[in-house]
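Undergrad: got a sequence here, can you model it:
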Amino acid sequence: MRDTNLPVPSVLVVGDLRQSASPVFAKKAWREIADAYGLMGQEFGPPPEPRDPPPPATEVRLPKDLGREACKSLYPIPFSDADNFGAIRGLFYQYFRRFDIWAVVSCGTAKNSRALLSALSFSDVPVLITVDSTLEDWGDSVPSVLRLIPNNEQQAQAIIGKAISLEEGRKVPARIQLFCYPSEDLYVSDLGSAIRDQADRDPREPNVTDLRGRGVSAGMVICVGYHKALQQLNSRRVNARCIIMSDGCYDDPRVRLETRRWHAKTTKFFWMRPLVDPWEYGADAYRAAVAKWTEVGRGNSYSFARGIRPHQRLTPFIELVKQKLEALPSRIYRFHGRDNRRGGYIPEELPRPRMATGGPRAHA
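TA: Sure thing, here's the model as predicted:
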């Protein structure tokens, strides 16, 4: 390894990376990104483990006999956002002093992504959001943001469409009960509002009301939230023919377990699945950043251009990343401003657990 005065070009991957974390979107995204970096040759050495502090800059150098212009990757650094947000801004300063960070891949919740954007307000490093689907207008105070995952307006359209289709054949407009828990959660309140707005605009006039009380009989229930929202419905002994769960429940083993524990064995369960899994958005974000950095960044044209202040150096870079994403063969990206308008959500039915076969079990 040879010494260099240039910091190693890097990408921060932010999310709940604890081993016990569930859902596992951030962990899967990190593994995808680490694998992509490995296929590029791990020029700067193996990436850190998610549970470890960032390695000292003195231990991460450009490869021997290889100048920065010849590098073909960006060094991925995991950053777990599960703990102390009070100190997060100071932690980011440490990372930015040690490494030349060209992008941040955000795999966190709506609440955590807001804390992230606030902590990064001192920089114009692109933040590529892969999980937070809330309809947020960040304004000009956050200039460098792209949301790769489709927003909650698109999810609300898919949810209402599925609910109405399941009610087809009935003589009255679809009666749908909406359950949002916890109501103060940013994602929950945002998607709940989007669902109500979509129902008001739909020409089929679905009747959407809030679910209240215990022991309620409801033909169709939309459950907005995470696994604890489904637990709340079960504890309230809500009798429903169908339950449609938002993508906050998607691929969560605790949700699968709760459906097996459900008090009414005839209830059908659906959850909303993004057409592209969130961890794939994370991998796409990393690869797009690497592709554009190898074209324009290796020679430090942004870092050291005359007349460009340090906090403005990446303002053009996010547009290049956007163009790369839109040019991918998968054709799942088309941005309108900061939001990806392609992709969407599909309802996926969860299979009911198989009933045990054989004769009745003898009681001791």
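Undergrad: you'd agree V14 is in a strand?
TA: Yes - judged by DSSP: H, G, I helix; E, B strand; the rest coil, V14 forms part of a strand.
Undergrad: surely it is in contact with I101?
TA: No - with contact defined as Cβ atoms under 8 Å, V14 does not reach I101; the gap is 11.2 Å. C-beta coordinates here come from the backbone N, C-alpha and C atoms, glycine included.
Undergrad: and those two? Which one has more around it.
TA: Neighbours were counted for V14 and for I101 using other Cβ atoms under 10 Å; V14 has more, 28 against 23.
Undergrad: can you show me the strands along the protein?
TA: Taking DSSP state E to define them, one finds strands in the chain at 9-15, 75-80, 100-106, 127-129, 145-147, 175-181, 207-210, 217-225, 239-245, 268-274, 335-336, 339-340, 345-350.
Undergrad: so which of the ones you listed gets nearest A285?
TA: strand 127-129 (3.9 Å; Cβ to Cβ).
Undergrad: what's the average pLDDT for that closest one?
TA: If you average the pLDDT over strand 127-129, you get 92.
Undergrad: next one: it to chain centre, how far?
TA: 9 Å (Cα atoms, centre = their mean, to the nearest Å).
Undergrad: hmm, who's touching that strand?
TA: 103-106, 113, 116-117, 120, 142, 144-149, 285, 289, 321 (Cβ atoms under 8 Å, 6 or more residues apart in numbering).
Undergrad: name every strand pairing with it and say which way it goes.
TA: If you go by DSSP bridges, strand 127-129 pairs up with strand 100-106 (parallel), strand 145-147 (parallel).
Undergrad: of all these, which one is nearest E205?
TA: That would be, of these and by Cβ to Cβ, strand 145-147, which comes in at 30.7 Å.
Undergrad: in that closest one, which residues are buried?
TA: V145, L146, R147 (16 or more other Cβ atoms under 10 Å).
Undergrad: which among those gets closest to K28?
TA: The nearest one, if we look at the buried residues of strand 145-147 relative to K28 and count by Cβ to Cβ, is R147, at 18.6 Å.
Undergrad: that closest one bridge partners, please.
TA: Bridge pairing for R147 (DSSP bridges) gives the partners I129, D339.
Undergrad: pull the number of nearby residues for G219.
TA: There are 16 residues near G219, going by other Cβ under 10 Å.
Undergrad: how close does the closest residue to it other than its chain neighbours get to A163?
TA: Spatially, and ignoring its direct neighbours in sequence, G219 is nearest to R241 (4.8 Å; Cβ to Cβ, 6 or more residues apart in numbering). Per Cβ to Cβ, to the nearest Å, R241 is found 11 Å from A163.
Undergrad: also N234?
TA: Taking Cβ to Cβ, one finds N234 at 20 Å from A163.
Undergrad: who's more crowded, those two?
TA: Ranked by neighbour count (other Cβ under 10 Å), N234 and A163 place A163 first, with 26 against 17.
Undergrad: same list (the strands paired with strand 127-129) but as CSV, adding mean pLDDT.
TA: Below are these laid out as CSV (pLDDT from 0 to 100):
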stretch, mean pLDDT
strand 100-106, 91
strand 145-147, 91
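Undergrad: reformat those as CSV; add distance to T267.
TA: What follows is the strands paired with strand 127-129, written out as CSV (distance: least, Cβ to Cβ, whole Å):
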stretch, distance to T267
strand 100-106, 35
strand 145-147, 33
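Undergrad: thank you, goodbye.
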